[in-house]
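K.L.:
the following block contains a protein sequence and its predicted model.
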Amino acid sequence: PTFNCTWHSGDIVAALEQLSKLEAVIFVTLSRRSGRDVRQEVFLWAASKLPRKISIFDPTEPGGVANPYMALLHRADCIAVTADSVGMASEACCAGHKVFTIGEHHCKGKLRRFHMVLREVCGTEALERVHPGSLQTGLTEVSHQKFQSKGLDDTKQVA
């Protein structure tokens with residue numbers, strides 16, 4: 001969470017609860033900035049609800065494995081990111097995936113405007129506003145063909 005987007009661990013758990021109902025494998029990668037309370041709540045929830053269906057990467061774990069983030073960007077059917085992460089949301093959009101944001105309703109100022117642009121340009125959606133039935137339908141459609149977003153490609157504008 002940041003000053004401009006004050007989501008809390010309950011937002012993550014609610015999102016995982018919603019995503020866990022899908023016919024999909026869930027990978028969670030936490031940021032080094034993820035607080036101890038967020039990590040603990042995610043681990044406890046996953047252990048009790050989805051002991052064999054979820055894989056969690058924790059960068060604070062000593063001697064842990066390399067961050068699987070790039071592989072997740074490549075292989076995922078869709079990606080859910082916390083709304084405070086401009087980088088992760090942008091990278092997921094650039095990879096051509098369907099992107100859902102978690103905790104977007106907590107955003108304000110330029111972060112809120114950023115997500116408005118992503119919705120318009122890339123078709124991102126706030127996960128808390130998506131009906132669970134349409135989420136499974138959308139995931140099924142996405143898995144059959146690569147999600148077609150307008151994408152983010154500022155190369156031509158910069159040149």
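P.N.:
Happy to help now that I have it.

K.L.:
residue contacts, the nearest residue to Glu91 once chain neighbours are set aside?
P.N.:
In space, and not counting its chain neighbours, Glu91 is closest to Leu73: 6.2 Å by C-beta to C-beta, 6 or more residues apart in numbering. (Glycine included, C-beta is placed from N, CA and C.) Shown in contact with Leu73 (C-beta atoms under 8 Å, 6 or more residues apart in numbering): Ile79, Glu91, Ala92, Ala95, His97.

K.L.:
give me the three-state assignment for the first one.
P.N.:
This means Ile79. strand (DSSP: H, G, I helix; E, B strand; the rest coil).

K.L.:
wait, isn't it in contact with Ala92?
P.N.:
Yes: counting by C-beta atoms under 8 Å, Ala92 is a contact partner of Ile79 at 4.2 Å.

K.L.:
which residues touch stretch 27-47?
P.N.:
By C-beta under 8 Å, 6+ apart, stretch 27-47 touches 1, 8-10, 12-13, 16-17, 54-60, 67-69, 72, 76, 85.

K.L.:
strands along the protein, start to end?
P.N.:
Using DSSP state E, the strands of the chain run over 26-29, 54-57, 78-82, 98-102, 125-126.

K.L.:
what residues are up against Trp6?
P.N.:
Let me fix one detail, which is that residue 6 is Thr and not Trp. So Thr6 contacts His106 (C-beta under 8 Å, 6+ apart).

K.L.:
for it, grab phi and psi.
P.N.:
With angles defined as degrees, to the nearest 10, Thr6 sits at phi -90, psi 50.

K.L.:
per-residue pLDDT, it?
P.N.:
We have a pLDDT of 81 for Thr6.

K.L.:
same question, the one 5 residues further on
P.N.:
Asp11 is assigned a pLDDT of 85 by the prediction.

K.L.:
so it makes contact with His106?
P.N.:
Yes: Asp11 is within contact range of His106, at 7.4 Å (criterion: C-beta under 8 Å).
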